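S.K.: My questions concern the predicted model and sequence given below.
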Amino acid sequence: MQGDDLVKPSRIKLGDPAYDMVPIQSPSASSTLLKVLTYVLTRSPLGPTIRRVLLKDNKIFLLRDLASQIKLPPLHFPMRRLSKEERAEVEKNDCAADDELCIRDVVAAASNDSADHTLKSILDYHQAFLEGRTTPSKAAKKILATLHQWETENMNIFSSVIDDDVIRQALEADKRYAAGEPLGVFDGVPVAFKDMLCIKGHKYYNGRDPKYADDVKVCDHDDELVVNFRRHGAIILGLTLQVEGGVTPLGYNSHWHGPLSAYSRNRYSGGSSSGSATAVATGLVPLAIGFDGGGSVRIPAAMSGLHGLATSFGRCAFGLEHLMSTLIKAGPIAANAVDAALGYAIMAQTTTQYPDHFYNKMYDGAFHGVPKPHLTGWKDVQDLTGVRLGVYPAWFNDVPDDIRQQTNAAIDVLKARGAEVVEINIPHLMVMTFAHAMKIATEFAKSFDVHYSKPTYYLEPNTMITVGIGMSSSALEQLGGEVIRHWGFNFVTSLFREHQLTAIVTPSLGQEVPILSEVAKEIGESNNAMTIRVMKYASLVNFLGLPGYSVPIGGKVPSSFDPNEDPATTRVPLGIQFIGDHWSDAKLLRLGHAIEEGFTRRLQPDKQMSKPIYYVNPLE
């Protein structure tokens, strides 16, 4: 072994407090150039060598250099097990997620909000049905007619919708309301799910090209998450589009020609839960479920002006087909804080209702299972005394000025209500970002191993490149990354404890919502430098198993425009992110509620988002 293949601890010092986030070096391409680049990197004899050169140019050797200084074993699944005292504190609550009285209390708090919502909430649906202003079946028919009309305009959002089944569910909800016996606030309310789980009777594509997905089968069961929403009367609308395999946070899938942003046909919608975010942002549903392995709930929420919660690792039970991932967690995407909280309550009940689930077994052999979920404190947003917010200045400020200023203005509202800001430092952010990137690329490579090896199976060029990069990582680098994960896991856990932090605060995105060019719509684009910028504040949450919550804080005029955009009317959303300690999801939901009530709804018109260009009100 020579040169960079040798471990050299002198290149990096464990605990160095210097801010280390730097742009990565990577070719970018679209259209014909992307086809050529994909062939060279993934099909030519020189491909493996070139991929290793690219990894070395971006200092992949630092994973081994840093890991050689850490005296800890690799950490595969980032699940934190609590002491008896810690568990008692975490579970000390007066609002259990499965407590119907608590849920009613949350709804009552939301009903006191007189704000005019462009996007209709779960409570809006429930009240309209209770008052007889419309019915679940009428709303469902309008939703179906709208989404099919949009499909004729190449505004594609869903990969699978079965109209007859949707109407059947809605008619059953009609009967329950007519009898005065609705199952709760979700009864008759449409909910959508990312194309990464099973809904009985639907095809599950995982974003793959339907023309080549000959191994796609019709699901013969409902995923645990789907079962729980059915139990509460929700109408299961269908599966939403996602990027192929979830490999990019940008959001566009060239196989399906969508989704596009609800606000501009020439902006990315954010991914990989792009269809779920667009379904909410256009008003088709008040709540959609996504999965987050590298920002895939929070990034599309931020790019679409929505709430998006990536829950603690192990918080929500879902199908075993996804548990090969050490990074993915499920989470709600919603238009407002109360819907995010209600969606979380239904989702988080799954680990209690499935005591033998893999997550409960991993936690303590399913003896007690993971800590019980709750919504304690959600409505307490006027007095934030005792809330401590960690800010790493160099990281926080590493965005364009207008994003930083709007995020700081949102924090000022929390400070005015008693929250305290604490300056913190997190060493080795770039190395942990790189370790996360290699971990998720390797998991993608495992997922697409068979398809990648078939010359006749068509994958998007960006998918091919990402899978190829994952296959180029060595076992030593993967183990080094997991050793670094263990160190980071312990460091950030100690950071929360020593500073008594409620959350760490960052902007949601490292740049404004990117332009989706007409050329990129052909076969996608590969732009790893932009991808890493977009994900600047996302990776740590998945790498360390933490909960992360993106909350909308208005919008701004973009710094550049696509030729097809009108500079006079185009705006892009902005978001603030809260990162919590393990199992602290409820604390983040409270902060999101406080931002919405105290900041976002009080913004001046020039700081707000415009109405989506694709929009429907199913209750009219």
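M.R.: Perfect, I can see it now. Predicted model, so just to flag it, every value in this text is computed and none were measured. Numbers count the residues shown, from 1 in each chain.
S.K.: which residue ranges form the strands in the stretch 501-620 of the chain?
M.R.: 503-507, 525-527, 548-556, 572-579 (DSSP state E, counting those that start in this stretch).
S.K.: As a markdown table, the ones you listed with distance to residue 225 would be great.
M.R.: Backbone N, C-alpha and C define where each C-beta goes, glycine included. A markdown table is the format used below for these (distance: least, Cβ to Cβ, whole Å):
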| stretch | distance to residue 225 |
| --- | --- |
| strand 503-507 | 25 |
| strand 525-527 | 32 |
| strand 548-556 | 18 |
| strand 572-579 | 23 |
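S.K.: quick one: low-confidence parts of the protein?
M.R.: 1-4, 111-117, 320-323 (pLDDT under 70).
S.K.: could the strands of the stretch 501-620 of the chain be laid out in CSV, adding distance to residue 587 and mean neighbour count?
M.R.: Compiled in CSV, those are given as follows (distance: least, Cβ to Cβ, whole Å; neighbours: other Cβ atoms under 10 Å):
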stretch, distance to residue 587, mean neighbour count
strand 503-507, 7, 26
strand 525-527, 35, 25
strand 548-556, 9, 28
strand 572-579, 8, 27
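S.K.: Quick one, which of the ones you listed gets closest to residue 345.
M.R.: Closest to residue 345 of those, according to Cβ to Cβ: strand 548-556, at 14.6 Å.
S.K.: what about that closest one, distance to the chain center?
M.R.: Put simply, strand 548-556 sits 13 Å off its chain's centre (Cα atoms, centre = their mean, to the nearest Å).
S.K.: sorry, back to before: could you work out which of the strands of the stretch 501-620 of the chain reaches nearest to residue 40?
M.R.: So among these, strand 525-527 is nearest, using Cβ to Cβ, at 11.8 Å.
S.K.: Mind listing the strands that closest one pairs with, and their directions?
M.R.: Using DSSP bridges, strand 525-527 pairs in its sheet with strand 28-30 (antiparallel).
S.K.: mind listing what's buried in the strand it pairs with?
M.R.: Neighbour-count burial for strand 28-30, counted by 16 or more other Cβ atoms under 10 Å, picks out 29, 30.
S.K.: Over to stretch 387-407?
M.R.: For stretch 387-407, by 16+ other Cβ under 10 Å, it's 387, 389, 390, 391, 392, 395, 396, 398, 399, 403, 406, 407.
S.K.: Can you pick out the ones from the residues you listed that are in strands?
M.R.: Taking DSSP state E, the ones among the buried residues of stretch 387-407 that sit in strands are 389, 390, 391.
S.K.: need those in JSON lines with distance to residue 178, can you?
M.R.: Output for those, formatted as JSON lines (distance: Cβ to Cβ, whole Å):
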{"residue": "389", "distance to residue 178": "48"}
{"residue": "390", "distance to residue 178": "51"}
{"residue": "391", "distance to residue 178": "53"}
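S.K.: What's the biggest helix in the protein, counting residues?
M.R.: helix 475-499 (DSSP state H).
S.K.: With respect to residue 208, which of the ones in strands among the buried residues of stretch 387-407 is nearest?
M.R.: Nearest to residue 208 among those, with distances taken as Cβ to Cβ, is residue 390, at 39.9 Å.
S.K.: So that closest one sits against residue 506, correct?
M.R.: No - contact criterion Cβ atoms under 8 Å: residue 390 and residue 506 do not qualify, at 9.7 Å.
S.K.: ok so, going back, can you tell which of the strands of the stretch 501-620 of the chain is closest to residue 600?
M.R.: Ranking the strands of the stretch 501-620 of the chain by their distance to residue 600 (criterion: Cβ to Cβ) puts strand 548-556 first, at 5.7 Å.
S.K.: got a list of what the residue nearest to residue 374 when sequence neighbours are not counted touches?
M.R.: Of all residues not flanking residue 374 in the chain, residue 93 sits nearest, at 3.7 Å (Cβ to Cβ, 6 or more residues apart in numbering). Going by Cβ atoms under 8 Å, 6 or more residues apart in numbering, residue 93 touches 372, 374, 375, 376, 586.
S.K.: Thanks a lot, catch you later.
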